[in-house]
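>>> Provided below for reference: sequence and predicted model.
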Amino acid sequence: MAPVGYARRVRHPYSHDPRYKHFEESQFHHAAFSAAAVPFAWMMKNSDDGITDRAKAYKIDFRPELEPDLEFDKLWVQERRNQLAMLDTFFGAITPEESLVFFYAKRTPLTDDGRRVIVGIGRVLKLDPPVEYIYEKGAPSDAMRCVLWERNLRHSIRPEINDGFLLPYHDLVDLGRELIKHAAGWAATSAMPSIAAETPRCSETTRGARSGHARDLDQVTAFDLSWSHRQAHQALVQSCSL
């Protein structure tokens, strides 16, 4: 959602290896209102034959003999021609102005569920071309070449929400904090009379009301409760179990 672009300096992660020593520091430009998309699953080679499962499934011209025999990595596609074969096929299915882009989070403060959570949806306005690493001058013509896996997807989501949208998670978090504040305050004050009077049991009416509030509290515990709020919540639960 950044309204301005910026450049990120990148080095190949295997530049320590002699086969990549001619790779120089390169740049990837992040355009305004864009996301750098990477299809990791498409770039994973099968350990049995060195060919990606997607290449076999979609009959992509993948040539395993071009791949370097790296002692420390045999999983990821390395050679430029194979990389482009996989990446061009994946990104080639995108139609600017028509295809949708879904943004997700791996984790939010609203749930402990491990599944991905959608945070926004928009249209793909433009797909930027692949970016190749920069090599030092005089590098052999048959030296290893690679492209960066990510490509910019320029999307239609804007703050005014005219073409695409973001789900209001920040508003939900703020609302949750307010609920916790009010519920925790009620729990702390309502639990005190029962404890002070040392009554052995809550009345059925009071028990029902408190149990209802206890359930309300349990529903918002997905938020990051402070220590004091947790203590108030525990006091409420204990008072209703007498």
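Great, that's in hand.

>>> sketch out the low-pLDDT regions of the chain for me.
For the chain, applying pLDDT under 70 flags the ranges 187-242.

>>> beta partners for the spatially most central residue of the chain?
Taking CA atoms, centre = their mean as the criterion, residue 105 is the residue nearest the geometric centre of the chain, at 3.7 Å. Judged by DSSP bridges, the bridge partners of residue 105 are residue 117.

>>> what sits against it?
116, 117, 119 (CB atoms under 8 Å, 6 or more residues apart in numbering). Quick note: C-beta positions are derived from backbone N, CA and C, even for glycine.

>>> with residue 87 instead?
By CB under 8 Å, 6+ apart, the neighbours of residue 87 are 39, 42, 43, 130, 147, 149, 151.

>>> count the neighbours of the first one for me.
Other residues near residue 39 come to 16 when the count uses other CB atoms under 10 Å.

>>> give me the element residue 173 is part of.
Residue 173 belongs to helix 169-197 when elements are defined using DSSP states H and E.

>>> closest to residue 98 among the contacts of residue 105?
residue 119 (21.6 Å; CB to CB).

>>> packing partners of the host helix or strand of residue 119?
Assessed by DSSP H and E, residue 119 sits inside strand 117-127. The contact analysis (3 or more CB pairs under 8 Å, 6 or more residues apart in numbering; DSSP states H and E) places strand 117-127 against strand 100-105, strand 151-155, strand 165-166.

>>> send the alpha carbons of it over as PDB?
What follows is strand 117-127, C-alpha atoms only, in PDB (Å, rounded to 0.1, in the frame of the first residue of the first chain):
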ATOM      1  CA  VAL A 117      -6.200 -15.200   6.600                       C
ATOM      2  CA  ILE A 118      -7.300 -13.000   3.700                       C
ATOM      3  CA  VAL A 119      -6.600  -9.300   4.400                       C
ATOM      4  CA  GLY A 120      -7.300  -7.700   1.000                       C
ATOM      5  CA  ILE A 121      -8.400  -8.300  -2.600                       C
ATOM      6  CA  GLY A 122      -7.800  -6.200  -5.700                       C
ATOM      7  CA  ARG A 123      -7.200  -6.500  -9.500                       C
ATOM      8  CA  VAL A 124      -3.800  -6.900 -11.100                       C
ATOM      9  CA  LEU A 125      -3.200  -3.700 -13.100                       C
ATOM     10  CA  LYS A 126       0.200  -4.600 -14.500                       C
ATOM     11  CA  LEU A 127       2.800  -7.300 -14.300                       C
END
